[in-house]
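Trainee: just coords:
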């Protein structure tokens, strides 16, 4: 016998937030439900007058209890609804990129109406990354839908650490497979949830559809060739979100000595080299990352400006290296560190760390030099980050001009506060 649909009621404050468009319902905001819910099923949220508010993916173990798929007027989440949702998401990227860019984001989670899910393109390979276990029962239908509309060579599954822990065979929360069904089983009146059809998603890097993949894939970004470790690399294999800032650095690099701190695989460095930099120095603690940067330079050595540019890699902790007493100077420094605040309690310390890091970099800038300081910490707001960098510049007793501030690229939209993580500030000293 089929169980009744999962019905949830939330606090008055949560009702207000949902009506304002926020895509999350936290566990503490739920004041009642008709029965226990299973991970991945659809929960329908009603207001105090028993009117439809929203529908979303339910996870009984997550602090984010429901990730909203649709709000406003009631809707049936059938085959046509899911197909139209994907088509609308893809259409928002049409015209953003030409044949010189074959690496970008197709789906950016909640901000595109796909909460806890991103889809990145690396040429003919697509990488689907999940940040919530609630999508796991729908992987078969989801991958089939993506396959039909985008027709890639393969689709690879990546999972965040919290989801990976659930998939660990020893975990007590290991997701149970559900019986198979069609996409129409995502209708709120149905609990016949589909099992993953294409592959067992028990390992990060699983190929969901298409032929196996060994090693990295290559793709183009504004005509530059990069490799991406889509099976095991950070994020989905590359930092696609910094594309616009890399282009800005290219426009500023002519004739300059460039330091790329926290360089990862050398994205900023390659753009600087193509922009006419005299030299570029990659600074990273990871030998693996520096080796990737060397391979990326080799992929593009036929470009004259890159061939002329002196490229070196320095393996060191970036903070220690900048703090050391070396007097080496640069004309352009890029700071793109990992997040300094993984949680809200770390925010004050992160702000101080950004200020200190910018101050150390400024000491390495030659006269007329440019600092490009970036942050990917969602818990540090853009005004807080910009103020920290400005304080460092003021404390240096050197005059400076603020050239620009930047945020998210068009294929990485941020439609609510928690999604707004990326920011950069450009100062000329």
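Mentor: Happy to help now that I have it. Just so it is clear, the structure is predicted and the values come from calculations on it, not from any experiment. Numbers count the residues shown, from 1 in each chain.
Trainee: List of residues touching the longest strand seen in the chain?
Mentor: When the chain is parsed with DSSP state E, its longest strand is strand 365-375. Contacts with strand 365-375, where a contact means CB atoms under 8 Å, 6 or more residues apart in numbering, come from 242, 245, 248-249, 252, 256-257, 268, 329-337, 339-340, 354, 357-358, 361-362, 385, 389, 393, 403, 421-429. C-beta: built from backbone N, CA, C; applies to glycine.
Trainee: Which positions in it come out as buried?
Mentor: 365, 369-375 (16 or more other CB atoms under 10 Å).
Trainee: That one pairs with which strands?
Mentor: Partner strands for strand 365-375, per DSSP bridges, with pairing direction: strand 330-335 (parallel), strand 423-428 (antiparallel).
Trainee: and these, which is most packed in?
Mentor: Of all these, strand 330-335 carries the top mean neighbour count, a mean of 26, counting by mean count of other CB atoms under 10 Å.
Trainee: Domains in the chain, by residue range?
Mentor: Structural domains annotated on the chain: 6-71, 79-209, 239-428, as defined by automatic domain parsing.
Trainee: and residue 230, helix, strand or coil?
Mentor: Classification of residue 230 by DSSP: H, G, I helix; E, B strand; the rest coil places it in coil.
Trainee: how close does it get to residue 343?
Mentor: Taking CB to CB, to the nearest Å as the measure, residue 230 falls 28 Å from residue 343.
Trainee: which one of those two has more residues nearby?
Mentor: Neighbours were tallied for residue 230 and for residue 343 using other CB atoms under 10 Å; the higher tally belongs to residue 230 (26 against 9).
Trainee: Retrieve the pLDDT associated with the more buried one.
Mentor: The model reports residue 230 with a pLDDT of 96.
Trainee: Residue 368 now?
Mentor: Looking at residue 368, its pLDDT is 95.
Trainee: do residue 198 as well
Mentor: 38.
Trainee: again, but for residue 193
Mentor: 28.
Trainee: can you put the strands paired with strand 365-375 in TSV and add distance to residue 32 and mean pLDDT?
Mentor: Formatted as TSV, the strands paired with strand 365-375 follow (distance: least, CB to CB, whole Å; pLDDT from 0 to 100):
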stretch	distance to residue 32	mean pLDDT
strand 330-335	48	98
strand 423-428	39	98
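Trainee: for the nearest residue to residue 343 once chain neighbours are set aside, helix, strand, or coil?
Mentor: Excluding the flanking residues, the one nearest residue 343 by CB to CB, 6 or more residues apart in numbering is residue 379, at 6.7 Å. Of the three states, residue 379 takes coil according to three-state DSSP.
Trainee: In contact with residue 379: list those residues for me.
Mentor: 341-344, 346-347, 350.
Trainee: Closest to residue 125 out of these?
Mentor: residue 342 (28.7 Å; CB to CB).
Trainee: Contacts only, for the closest one.
Mentor: For residue 342, counting by CB under 8 Å, 6+ apart, the contacting residues are residue 379.
Trainee: i'd like the first residue to be 49 from this point on
Mentor: All right, first residue 49 from here; so that's residue 390.
Trainee: ok but it is inside a helix, no?
Mentor: No - according to three-state DSSP, residue 390 belongs to no helix; its state is coil.
Trainee: Distance of it relative to residue 428?
Mentor: Counting by CB to CB, the gap from residue 390 to residue 428 is 11 Å.
Trainee: for residue 441, same thing?
Mentor: Taking CB to CB as the measure, residue 441 falls 17 Å from residue 428.
Trainee: coming back round to it: now tabulate the buried residues of strand 413-423 in TSV and tack on distance to residue 98.
Mentor: Below are the buried residues of strand 413-423 laid out as TSV (distance: CB to CB, whole Å):
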residue	distance to residue 98
413	62
417	63
418	59
419	56
420	53
421	51
422	47
423	44
